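In: Provided below for reference: sequence and predicted model.
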Amino acid sequence: MLGSSLLIVLAACQGSGGAGAGHGSDGPGSPSATVPCGPACDEIPATTRFARLTSTQWENTVQDLLHLPGPTGLSQSFIGDTLSSGFENDADNLQVGPELFLDYENAAETLAHEVATDPSLYASAVPEDPRSAGGGSSWSSQVEGETATASTGASAGDAWNLWSNGTVSASFDVPSDGAYTLTARVWADQAGPDLAHATLAFDGAILLEQDVAAADEASGELLTITVTATAGTHTAEVGFTNDFYQDPDDRNLYVDWVSLAGGSGGLGGSTAGDAQRDAWITRFGALVHRRPLTSDEIDQYRTLFAQGPDLISGSDPFAQGVEVVLTAMLQSPWFIYRIESSTKQDDTGRIQLDGYELANKLSYALGTRCPTTSCSPGRPTARC
């Protein structure tokens, strides 16, 4: 059985076959000999062309993509895959609902931040940006507002809404003694005669009080202070101190994220520029999408990369660009799903899968993992 499977995968790597191909008709690049099949081949059941990865397939793919020593375990908190006749990989029943959407988002943010702050993971994922350890980059950690601890309010999309006076708290495990920059991104629903008023505290001591003029997420502003911290666990708090309500006017404070950056133990200095950015996006994007990126996709990721310093806290523009792009890539439909977008039909009217689609379909069906890149011409031999 294993030998037969390997032959099938090899055929996929060579580009033969397709949706409905291989049943007595030759696909592009296939041997000229036909394979007798019989009447059973006249009827091929329809299958979805957007097959979501199962949690097991997602774990295996992330592990291979980021060169991790084992599964991340993040999928254990995902809403479970729907069983169909005892199987969890029935593509017709694998959907992405609101809960799983948030699971994927949180997992992508967690993995991207780990890659962008861990020297070993970064070196494996971004060889285009070699670092000299101990250089200018520093340790950083960021807590999203919607996942932080709050005394009042509720989650509001990607932020926390303090709808009355209260606090949003975040804990940080600081790796070493040193100076750190504490930052929070906030905005407000403005109401009444005054601007919303916020405070920023570290280990219980309020170190900053500031009016918040930003009135929407797009114009969110930063609360920033420098603190001295010892190695260990520390707590930061964003406070809202001047709630106002007079129907229909309602003043609220929104906390997007809280971050702490500085000290030592970072990636090291970088001299990477636009050429290295483009090389990484092109190479790594092809691995994540399991096919080459289009020129439009590369341009979109370039634009997003440039927004890294605005969206991610820290003082390392290249690593911040990597983090925000990787967060987006790990939420791309091309990563979450195994997509068959080919439209070309053969002489029988059946749509032929291209080499990438067929390799993906067979690899996930037979091994629950992404295919090796030896199946993709022009890419070095490696998994994903």
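Out: Received the coordinates, thanks. Numbers count the residues shown, from 1 in each chain.

In: tell me the strands in this protein, going along the chain?
Out: Listed in chain order, the strands of the chain (DSSP state E) span 50-52, 139-144, 149-150, 154-156, 159-162, 166-174, 178-189, 196-202, 205-212, 221-229, 232-240, 244-246, 249-262, 337-339.

In: What is the first one packed up against?
Out: In terms of contact count using 3 or more CB pairs under 8 Å, 6 or more residues apart in numbering; DSSP states H and E, strand 50-52 is assigned the packing partners strand 337-339. Placement of C-beta: from N, CA and C, glycine included.

In: packing partners for the strand it packs on?
Out: strand 50-52, helix 355-367.

In: so where's the stretch 101-250 of the chain uncertain?
Out: 132-138 (pLDDT under 70).

In: pretty sure Ser313 contacts Val143?
Out: No - taking contacts as CB atoms under 8 Å, Ser313 lies outside contact range of Val143: 10.2 Å.

In: and for these two, which residues touch both?
Out: Between them, Ser313 and Val143 share these contacting residues under CB atoms under 8 Å, 6 or more residues apart in numbering: 257, 259.

In: picking up where we left off before, what's the most buried one of the helices and strands packed on strand 337-339?
Out: Comparing the helices and strands packed on strand 337-339 by mean neighbour count (mean count of other CB atoms under 10 Å), helix 355-367 ranks first with a mean of 21.

In: who are the neighbours of that one, in terms of helices and strands?
Out: Short answer (3+ CB pairs under 8 Å, 6+ apart): helix 355-367 packs on helix 2-13, strand 337-339.

In: For Gly239, which of the helices and strands packed on strand 337-339 is the nearest?
Out: Smallest distance to Gly239 across the helices and strands packed on strand 337-339 (CB to CB): 41.3 Å, for strand 50-52.

In: for this structure, which helix is longest?
Out: Secondary structure of the chain per DSSP state H: the longest helix is helix 98-117.

In: Show me what it is in contact with.
Out: 62, 66, 72, 74-75, 77-79, 96, 121-122, 125-126, 139-142, 144, 147, 266-267, 312, 319-320, 322-324, 326-328, 330-331, 336.

In: ok, and for that helix, which residues are buried?
Out: 100, 102-117 (16 or more other CB atoms under 10 Å).

In: Repeat that for stretch 227-240.
Out: Residues 227, 229, 234, 236-240 are the ones in stretch 227-240 that count as buried (16+ other CB under 10 Å).

In: Just the closest of the residues you listed to Asp158, please.
Out: Scanning these for proximity to Asp158, where the rule is CB to CB, the winner is Val238, at 15.2 Å.

In: contacting residues for that closest one?
Out: Neighbour list for Val238: 167-168, 184, 186, 198-201, 223, 253, 255, 258 [criterion: CB under 8 Å, 6+ apart].

In: From Pro371, how far off is the closest residue to Ala213 other than its chain neighbours?
Out: Using CB to CB, 6 or more residues apart in numbering and skipping residues adjacent in sequence, the residue nearest Ala213 is Leu195, 5.7 Å away. According to CB to CB, to the nearest Å, Leu195 stands 55 Å off from Pro371.

In: Show me which of those two is the more surrounded one.
Out: Taking neighbours as other CB atoms under 10 Å, Leu195 and Pro371 compare with Pro371 leading, 25 against 17.

In: Tell me how far the more buried one lies from Ser313.
Out: In terms of CB to CB, Pro371 sits 36 Å off from Ser313.

In: again, but for Val168
Out: Separation of Val168 from Ser313 (CB to CB): 15 Å.

In: higher neighbour count, these two?
Out: Between Val168 and Ser313, counting by other CB under 10 Å, Val168 is the more crowded of the two (29 against 22).

In: My guess is that one contacts Gly145. True?
Out: Yes - contact criterion CB under 8 Å: Val168 and Gly145 qualify, at 6.1 Å.

In: Quick check: neighbours shared by the two?
Out: In contact with both Val168 and Gly145: 160, 255, 258, using CB under 8 Å, 6+ apart.

In: contacting residues for Val143?
Out: 170-172, 257-259.

In: how about 6 Å then?
Out: 170, 258 (CB atoms under 6 Å, 6 or more residues apart in numbering).

In: Equivalent analysis for Ser124, please.
Out: Contacts of Ser124 (CB under 6 Å, 6+ apart): His67.

In: before we move on, back to that, quick one: the contacts of Val238 as CSV, columns for distance to His289 too.
Out: Listed next are the contacts of Val238 as CSV, based on distance: CB to CB, whole Å:
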residue, distance to His289
Thr167, 41
Val168, 36
Ala184, 34
Val186, 35
Ala198, 40
Thr199, 44
Leu200, 40
Ala201, 43
Leu223, 37
Leu253, 39
Val255, 33
Val258, 32
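
In: which one of those is nearest Tyr364?
Out: Val258 (38.4 Å).

In: my guess is that closest one meets Thr183, correct?
Out: No - counting by CB atoms under 6 Å, Val258 does not reach Thr183; the two are 7.3 Å apart.

In: With neighbour numbers in mind, choose between the two.
Out: Val258 (28 against 20).
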